[in-house]
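Student: A predicted structure for the sequence below; I have some questions about it.
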Amino acid sequence: MSLSSHFVFHSAAGWLFLALAGGAPAQTPDMILIHGKILTVDAKDSVVEAVAIAQGKIVAVGSTTEIQRRAGPATQVVDLHGLTATPGLIDTHGHFAASGVDELFSVVLNDVQRVSEAVEKIREKAVTLKPGEWLVGAGWDEGKLAERRYLLASDLDKVTPNNPVWLMHTTGHYGVANSYALKLAHITASTPDPPAGTIDRDAQGNPTGVLKESAKDLMMSLTPSPTPDQWRRGILHSIEGLHREGMTAVKDPDITQPMWDAYHQLLSEKKLDERIFVLWHAGATMESARQALAQISALPKPPASLGDSLLLSGGAKIYMDGSGGARTAWMHQPWNKNRTEVDGTNVGYPATDPQIYRQMVRMFHQNGVHVGTHAIGDRAIDWVVDTYAEVLKEKPTRGLRHSIIHCNLPTDHAIAVMASLQKQFDAAYPEAQAPFMWWIGDTYAGNFGTQRSERLEPFKTWLAKGVQWAGGSDYDVTPFAARYGIWASLERETLKGVYGKHPFGTAEDIDVHTALRSYTAWAARQLFLEDKIGTIEPGKEADIAVWDRDLYTMPGADIKNLKCEMTLFAGRVVYQDAASPIAIRPIVIRK
């Protein structure tokens, strides 16, 4: 059901709040935002004109006249000139530390449209390297290439005869190595596929250079690790980009100790101007899971945090299956190819032994640790939600909010279990990426086939069945700007239209009110910060984004091109577009 029926302007009687309980005098604000259209995303989806902020928190919302009365001689006045403001947008699944490092220190391939373009970028980088020095890159996608095929070692060998090369696919679940790198990794025609991995081979059985899932670890164990300074610089780079997009909180999954150390260092330097909730890499064995539990147990559990809601050690991440792009996600029926072909008997495979996975979840759950499980295929999702149901039955615990990361293709059974577990235990929440349908949608449409594609990202069904979800990007699988996710939730379009503009249909699209909520109020809950952020209400942190247009009234197709004019983080302006009409000035109140 659309939330548009709640689109109202509230009067002073309904919207002027005292900052202190018991009728105490209202706090004089440090800043007020006036003459705007403020989409609060509160329970009633209320809309107001102005906001008052003191000491980084929202102290009142209401009409411009009401809020102006609160201003003192030192209050900054932000005149929005009719622009629209929302809560700061939230991404519940993006690899912001790792992707920031990739953007700064690797060859970026997400814009290449032909194999020759990728090869030329690699050639340009290779001539700057010493013999034997590694060349790493990321972001290529066969779905965006005119040739509609993987990059191969044979493409790379002619321009990199003296350097090992590893280029990660945009999904992060496979990549391509050149022959030099394959030799260093001792990968030959006789090398068997590792457990839960695939070495892609040509018709003669020789490795093509493409390594999927655990097979890619044979290569990644050889590539240089980022330095502490590179981690730090990568995070700062991502934060700067997030501010330009009105984004103020993220969930960074699958982190390791060096990433956490970089986040913690930035916090100690007072440079962490973003709310960061992390999931620790739990691996695929009980030993690796115990190591993760030890790291998690040494830190406060959410909603407790470091730095007053700035850095949260949230829980553990486990992989149940692989990728929709690589056709390695675990399915009930064989994968498709080229939309209508069947990929033999390939149904993908579990990334973690299912019984070991269940033991891992049980251990984390019994220790009160939030678990996020990567699951894309319908069979994987069934196993995950059934596991959550089992451990919750064994130890009923409300509020751990175990999640199904991606949750691309849930069965009716999985949706019913999610709805039940959310109601009973505040658990089993999809953390979905609507931009998958856009940025990698042409590959997805070819691999999922005609029938399954209609069930992809079933937002409207979730809404009808009472399943709440949270939005994200899986950056750098897709660009991180949350406006893309809001747009994709409405439009369900692919980037290239290889199989038509809407290969996933439009039956599962939703309205902008719901889409925005999935990137604000609902997303805040999955960061355990719903009491702090996600809506514009008194008592919440003043994390606010200002936009050039009104999301609620503009054409849905244009939301993709929405422009952030200003971002406030804890009541401070951390970004303002140079050409913005927003005026910031002091005010003098004459009594």
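Tutor: Great, that's in hand.

Student: what's next to stretch 43-53, contact-wise?
Tutor: Stretch 43-53 is contacted from outside by 3, 6-10, 15, 29-40, 58-64, 66-68, 70-71, 85, 513, 536, 542, 544, 552, 568, 571, using C-beta atoms under 8 Å, 6 or more residues apart in numbering. For glycine as for every other residue, the C-beta is placed from the backbone atoms N, C-alpha and C.

Student: Residues in contact with stretch 499-511: which ones?
Tutor: Under the criterion C-beta under 8 Å, 6+ apart, residues 2-4, 339, 437, 441-442, 444-446, 450, 453-461, 463, 489-494 lie in contact with stretch 499-511.

Student: Name the residues of that stretch that are buried.
Tutor: By neighbour count, and taking 16 or more other C-beta atoms under 10 Å as the criterion, the buried residues in stretch 499-511 are 499, 502, 503, 504, 508, 509, 510, 511.

Student: try stretch 571-588
Tutor: Within stretch 571-588, the residues that count as buried by 16+ other C-beta under 10 Å are 571, 573, 574, 575, 576, 580, 582.

Student: re earlier: for the buried ones among the contacts of stretch 499-511, write the corresponding ChimeraX selection.
Tutor: ChimeraX command restricting the contacts of stretch 499-511 to the buried ones, with burial defined by 16+ other C-beta under 10 Å:
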select :3,339,437,441,442,444,445,446,453,455,456,457,458,459,460,463,489,490,491,492,493,494
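
Student: Okay, and which of the contacts of stretch 499-511 map to helices?
Tutor: Secondary structure defined by DSSP state H assigns 437, 441-442, 444-446, 450, 453, 459-461, 463, 489-491 of the contacts of stretch 499-511 to helices.

Student: Going by distance to residue 140, which of the residues you listed wins?
Tutor: Within these, proximity to residue 140 (C-beta to C-beta) peaks at residue 442, which comes in at 13.9 Å.

Student: thought the closest one was touching residue 495?
Tutor: Yes - assessed by C-beta atoms under 8 Å, residue 442 is found in contact with residue 495 at 6.2 Å.

Student: got any residues that touch both of the two?
Tutor: With contacts taken as C-beta under 8 Å, 6+ apart, residue 442 and residue 495 have 143, 144 as neighbours in common.

Student: Let me see the ranges of the helices in the stretch 101-250 of the chain.
Tutor: Shown for the stretch 101-250 of the chain, the helices assigned by DSSP state H, counting those that start in this stretch span residues 115-126, 153-157, 179-184, 217-220, 228-244.

Student: which of the residues in the longest one are buried?
Tutor: Right, the one you point to is helix 228-244. For helix 228-244, a neighbour-count test (16+ other C-beta under 10 Å) marks 230-239, 241-243 as buried.

Student: one step back: filter the buried residues of stretch 571-588 down to the ones in helices?
Tutor: Judged by DSSP H, helices contain none of the buried residues of stretch 571-588.

Student: Check the residues you listed and tell me the two furthest apart.
Tutor: Using C-beta to C-beta, the two most remote members of the buried residues of stretch 571-588 are 571 and 580, lying 18.1 Å apart.

Student: Would you mind measuring from the nearest residue to residue 93 once chain neighbours are set aside to residue 134?
Tutor: The spatial neighbour of residue 93 that comes closest, neighbours along the chain excluded (C-beta to C-beta, 6 or more residues apart in numbering), is residue 472 at 3.5 Å. In this structure, residue 472 and residue 134 are separated by 30 Å, where distance is defined by C-beta to C-beta, to the nearest Å.

Student: Of those two, which one has the most company?
Tutor: Taking other C-beta atoms under 10 Å, residue 472 and residue 134 do not tie; residue 472 has more neighbours (31 against 15).

Student: Please look at the more buried one and residue 95 and confirm they touch.
Tutor: No - under the criterion of C-beta under 8 Å, residue 472 lies out of contact with residue 95, with a separation of 10.4 Å.

Student: what's near enough to touch residue 132?
Tutor: When the contact criterion is C-beta under 8 Å, 6+ apart, the partners of residue 132 are 162, 163, 164.

Student: Provide a PyMOL selection command restricted to the buried entries of those.
Tutor: With 16+ other C-beta under 10 Å as the burial test, the buried ones among the contacts of residue 132 are selected in PyMOL as follows:
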select buried, resi 163+164
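
Student: Report the buried residues of stretch 266-275.
Tutor: Buried residues in stretch 266-275, counted by 16+ other C-beta under 10 Å: 266, 267, 272, 273, 274, 275.

Student: From one end of it to the other, what's the distance?
Tutor: Start to finish, the residues bounding stretch 266-275 are 12 Å apart (C-alpha to C-alpha, to the nearest Å).

Student: same check, this time on stretch 127-135
Tutor: Counting by C-alpha to C-alpha, the length from the leading to the trailing residue of stretch 127-135 is 10 Å.

Student: Could you point out which of the helices of the stretch 101-250 of the chain sits nearest residue 313?
Tutor: Of all these, the one in closest proximity to residue 313, counting by C-beta to C-beta, is helix 228-244 (15.6 Å).
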